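Undergrad: Provide a 3D model corresponding to the input given below.
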Amino acid sequence: MRRYKKSVLLPLILFLYTTVMAVYFLPRNSEISSTEKWLTVAGSYVIIALLWFVLRKKEQLAERRDNELKRLEKEKLEKEK
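TA: Presented below is the predicted three-dimensional model:
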């Protein structure tokens, strides 16, 4: 089983959920204007994009930190020899 990164999986799930809810509920809602409906959906997509960006950066920093720790451990082992 392939393991997906959180930066891909979580925003994808939220994107699909937002899209399904917009398709289902927006045509039925007559209490707000069309402009408000589309601004709400667009705002949701912007938030999801920001979440994707932040999670991706967080994973990149964690990967760099892990690589640096491995490099330092390797150097330490070489010095002990």
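Undergrad: ok, Ile13 to Tyr4 distance?
TA: 10 Å (CB to CB, to the nearest Å). Bear in mind the C-beta positions are built from the backbone N, C-alpha and C, glycine included.
Undergrad: distance of the most centrally placed residue in the chain from Lys74?
TA: With distances taken as CA atoms, centre = their mean, Trp52 lies nearest the centre of the chain, 2.6 Å away. Distance, Trp52 to Lys74, using CB to CB: 33 Å.
Undergrad: could you check how many residues crowd around Leu61?
TA: 10 (other CB atoms under 10 Å).
Undergrad: which residues touch the residue nearest to the centre of the chain?
TA: Ser7, Val8, Pro11 (CB atoms under 8 Å, 6 or more residues apart in numbering).
Undergrad: now, which of those residues sits nearest Lys70?
TA: Ser7 (21.5 Å; CB to CB).
Undergrad: so the closest one sits against Leu61, correct?
TA: No. Using CB atoms under 8 Å, Ser7 is not in contact with Leu61; the gap is 11.6 Å.
Undergrad: run through the neighbouring helices and strands of the host helix or strand of Tyr17.
TA: Taking DSSP states H and E as the criterion, Tyr17 maps to helix 6-25. Identification of packing neighbours for helix 6-25 by 3 or more CB pairs under 8 Å, 6 or more residues apart in numbering; DSSP states H and E yields helix 34-80.
Undergrad: what angle do the helix it packs on and helix 6-25 make?
TA: 170 degrees (axes from the mean of the first three to the mean of the last three CA atoms, to 10 degrees).
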